[in-house]
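# With the input below, show me the fold.
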Amino acid sequence: MWLPHGGSASDGGSECRLLYSRLEDDDPPVKVTLERLPESRVQLDIEVDKERLDRSLDEAYKRLARKARIPGFRPGKAPRSIIERHYGREGMIREAIEDLVPRAYNEALEAEDIEAIDQPHLEILQLEPVQFKATVAVRPTIELNDYRSVRLDPPHMEVTDEMLAEQLLAIRKRYATQSPVERPAQWNDIITGSVLGEVDGEEFVKDEDAEFQLVEGRRMLVDGLGEAFPGMGKGEEKTIEIPLPDDFPVERFAGKAAKFTLSVREVKEEILPEEDDDFAQQVNADDFPTFEALRTRLRDNMDDALKKDAEIHYQQDVVDRILEGATVEFPRVLVDREIDRMISESSGYDRQAYVNHLARIGRSESEYREGLRPEAERHVQRSLVLSRLVEAEDLKVSAEAIDAEIESLVAPAGMDGDRLRELFASPEGRTRIERSLLTQLALARAAAIARGEFAGETPAEATPEAVDETSAAGAPAKKKRVRAKKEEPA
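You can find the predicted model right below:
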């Protein structure tokens, strides 16, 4: 169906203009009315000269003559009058516009330097003279405005004793042993048993070989389920009823009462190693001769990780702050593509896994996609701001930097490194790596600006000579030369 532009020239969302276009010198120009629409779209009302239509009809006759099966004539030999009588005038024109409309559309794009980023929606308005309407998404508009004035204090992060103790406990748990006990279960014990759950007689949980640790405060499927196990002993069974939350993933069960049948076959106690030199040497005798050496290394590693994580969040906060002051307009198709990417990545590029997930959570595909839309829109906005920042700051990535990144990516692959190197070294692979590096540079530059490191400098002055970067991440999509699906007039 034809989509209305959603605005008029007076509301600032549209721009109308008339132009004449022709791609080849001997072609009569097509008449084009251009209107800019909201959400980075344009509408082209195109009328084709009768002379152009006549030329296309000549070509249409030749094509139809070759494929027509008319008694008394060999393929391609039937005279034009016979072909026209066989297909009718309208049939001839419809054959002609199969080639004429895409050519006229592409000529209009070329004349106005319109960078289409999606297939157009075409609507045939009239056959004689040929008039049609094309709506297409174009390159987004991004104005960063006064982004150089953005300031944001970076967070101060440090590893606390509590954080260190928590990580040490996690390491001790990896080296813990388990011992069966005859007493009732307590917090931190390991339970072996079964968990069965049903709602209105329909089973929705069945784990007859469950093994898990009872950790106080840790949620087990639903609130209250884990709290039912402490006090149960070996060989015991109990049935409890727990109301499911309104946001339970399986919608038909949400808000209903669930009946759980719990059984315990064995209770084991967790025995943690002591915080001493023997434990440190058990972790790595060469690196940690003493517990203090292990503790120091762990704190240093945690400090590095904490600072890196804080910088990542700081960079995203700065981009969001720049986005608040920016003017960003983009077509809906970019969000749809981002939703596609999110779904593909989350399902491991397995369509059946995605279908199974929808069935498991009881949602339709359209509902699920709409649920992802706000996050996808944010991703698109951030990406566009970073692409524009690459251009504004004149950031570039050298071929040597791309080569180095490829080597860092293939190094862990060992014997498979050559195959991966060939994949990354392809033109498409190098472009992806280049864009990834540019994104990292743009994030780092945004953070530096927010810290005031480039105060008083223009973007050109702020680009270090030692940094060799390129604006490929912000490069516009190529114009699409397409044959698009047409809607015929009623």
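# my read: Leu44 touches Leu125, true?
No. Leu44 lies out of contact with Leu125 (C-beta atoms under 8 Å); the separation is 11.8 Å. The C-beta positions use only the backbone N, C-alpha and C, and glycine is treated the same way.
# Roughly how far does Ile271 sit from Arg265?
Using C-beta to C-beta, to the nearest Å, Ile271 is found at 20 Å from Arg265.
# could you pull out the strands for the stretch 251-400 of the chain?
Ranges of strands within the stretch 251-400 of the chain are 257-271, 327-329, based on DSSP state E, counting those that start in this stretch.
# One more: the stretch 51-200 of the chain?
So, for the stretch 51-200 of the chain - with DSSP E, counting those that start in this stretch - the strands run 121-126, 131-137, 141-143, 177-180, 190-199.
# Who does the fourth one pair with, and is each partner parallel or antiparallel?
The partner list of strand 177-180 in its sheet, established with DSSP bridges, is strand 257-271 (antiparallel).
# would you turn the strands of the stretch 51-200 of the chain into JSON lines with distance to Ala392 and mean neighbour count?
Putting these into JSON lines (distance: least, C-beta to C-beta, whole Å; neighbours: other C-beta atoms under 10 Å) gives the following:
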{"stretch": "strand 121-126", "distance to Ala392": "33", "mean neighbour count": "17"}
{"stretch": "strand 131-137", "distance to Ala392": "23", "mean neighbour count": "21"}
{"stretch": "strand 141-143", "distance to Ala392": "9", "mean neighbour count": "16"}
{"stretch": "strand 177-180", "distance to Ala392": "59", "mean neighbour count": "11"}
{"stretch": "strand 190-199", "distance to Ala392": "56", "mean neighbour count": "19"}
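# ok, Leu64 touching Glu84?
No. Counting by C-beta under 8 Å, Glu84 is not a contact partner of Leu64; they are 9.1 Å apart.
# who's more crowded, these two?
Using other C-beta atoms under 10 Å as the criterion, Leu64 and Glu84 rank with Leu64 on top: 20 against 15.
# Apart from its chain neighbours, what residue comes closest to that one?
Excluding the flanking residues, the one nearest Leu64 by C-beta to C-beta, 6 or more residues apart in numbering is Ile83, at 5.4 Å.
# Quick check: which ranges of the chain have low pLDDT?
Low-confidence segments of the chain, defined by pLDDT under 70: 1-28, 456, 458-490.
# now the helices for it?
50-67, 80-112, 161-174, 277-284, 291-325, 332-346, 351-361, 365-392, 399-410, 417-424, 427-450, 459-462 (DSSP state H).
# what packs against the fifth one?
When contacts are defined as 3 or more C-beta pairs under 8 Å, 6 or more residues apart in numbering; DSSP states H and E, helix 291-325 sits against helix 161-174, helix 277-284, helix 365-392, helix 427-450.
# Can you give the domain ranges for the chain?
Domain assignment for the chain by automatic domain parsing gives 9-140+482-487, 178-271, 396-469.
# Out of those, which is closest to Thr160?
domain 178-271 (19.3 Å; C-beta to C-beta).
# so what's Glu377 up against?
335, 338 (C-beta atoms under 8 Å, 6 or more residues apart in numbering).
# related to what we said a few turns ago, may I see the helices of the chain arranged in CSV, with distance to Val199 as well?
Compiled in CSV, the helices of the chain are given as follows (distance: least, C-beta to C-beta, whole Å):
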stretch, distance to Val199
helix 50-67, 62
helix 80-112, 56
helix 161-174, 34
helix 277-284, 46
helix 291-325, 40
helix 332-346, 27
helix 351-361, 15
helix 365-392, 21
helix 399-410, 48
helix 417-424, 48
helix 427-450, 46
helix 459-462, 60
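# Need phi/psi at the spatially most distant residue from the centre of the chain.
Farthest-out residue of the chain from its mean C-alpha position, per C-alpha atoms, centre = their mean: Gly72, at 59.4 Å. Backbone dihedrals for Gly72, given as degrees, to the nearest 10, come out at phi 90, psi -10.
# quick revisit: what about the strands of the stretch 51-200 of the chain, which gets the closest to Ile240?
Using C-beta to C-beta, the strands of the stretch 51-200 of the chain put strand 190-199 closest to Ile240, at 9.9 Å.
# by how many degrees do that closest one and strand 257-271 diverge?
Strand 190-199 and strand 257-271 are oriented at 170 degrees to each other (axes from the mean of the first three to the mean of the last three C-alpha atoms, to 10 degrees).
# and strand 190-199, what other elements does it pack with?
Using 3+ C-beta pairs under 8 Å, 6+ apart: strand 190-199 touches strand 202-213, strand 257-271.
# hey, which of these is tucked in deepest?
A comparison of these by mean neighbour count, using mean count of other C-beta atoms under 10 Å, puts strand 257-271 on top with a mean of 17.
# how many neighbours does Ala78 have?
For Ala78, using other C-beta under 10 Å, the count is 21.
# Report the contact partners of it.
65, 68, 70, 86.
# And for Lys234?
182, 264-267.
# do the same with Ala447
154, 311, 314-315, 318.
# From Leu152, how far out is it?
8 Å.
# Which neighbours do these two have in common?
314, 318.
# And the helices of the chain: which comes nearest Asp207?
helix 351-361 (15.4 Å).
# Distance check, Gln178 against Pro230.
Taking C-beta to C-beta, one finds Gln178 at 17 Å from Pro230.
# ok so, going back, pull out the buried members of the contacts of Ala78.
Among the contacts of Ala78, those classed as buried by 16 or more other C-beta atoms under 10 Å are 65, 68.
# Could you identify the most distant pair in the contacts of Ala78?
Largest pairwise distance in the contacts of Ala78, by C-beta to C-beta, is 9.6 Å, between Ala65 and His86.
# And stretch 320-335, what's buried?
Those would be 321-323, 326, 328, 330-331, 333-335, for stretch 320-335 by 16+ other C-beta under 10 Å.
# contacting residues around it?
38-41, 117-118, 137-138, 140-147, 150, 152, 373, 376-377, 380-382, 384-385, 388-389, 446, 450.
# Filter the residues you listed down to the buried ones and hand me the ChimeraX line.
The ChimeraX selection below is limited to those of these classed as buried (16+ other C-beta under 10 Å):
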select :39,40,41,117,118,137,138,140,142,144,147,150,152,376,377,380,381,382,384,385,388,389,446,450
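# how far away is the closest residue in space to Val48 that isn't next to it in sequence from Ala96?
In space, and not counting its chain neighbours, Val48 is closest to Val130: 4.1 Å by C-beta to C-beta, 6+ apart. Distance of Val130 to Ala96, given as C-beta to C-beta: 8 Å.
# what does Gln440 give?
52 Å.
# you'd agree the residue nearest to Val48 is up against Leu100?
Yes. Here Val130 reaches Leu100: they are 6.5 Å apart, a contact under C-beta under 8 Å.
# residues shared between the contacts of those two?
48, 52-53.
# now that we have those, which one has the most neighbours?
Val48 (25 neighbours).
# give me every residue that touches that one.
30-31, 100, 104, 129-131.
# Which of those residues sits closest to Arg432?
Arg432 has its nearest neighbour among the contacts of Val48 in Ala104, at 35.2 Å by C-beta to C-beta.
# what about that closest one, distance to Glu274?
Ala104 is 82 Å from Glu274, by C-beta to C-beta.
# if we can go back for a sec, reformat the helices and strands packed on strand 190-199 as JSON lines; add distance to Ser346.
Listed next are the helices and strands packed on strand 190-199 as JSON lines, based on distance: least, C-beta to C-beta, whole Å:
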{"stretch": "strand 202-213", "distance to Ser346": "22"}
{"stretch": "strand 257-271", "distance to Ser346": "27"}
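# Which of the ones you listed sits closest to Tyr368?
Going by C-beta to C-beta, the one of the helices and strands packed on strand 190-199 nearest Tyr368 is strand 202-213, 19.6 Å.
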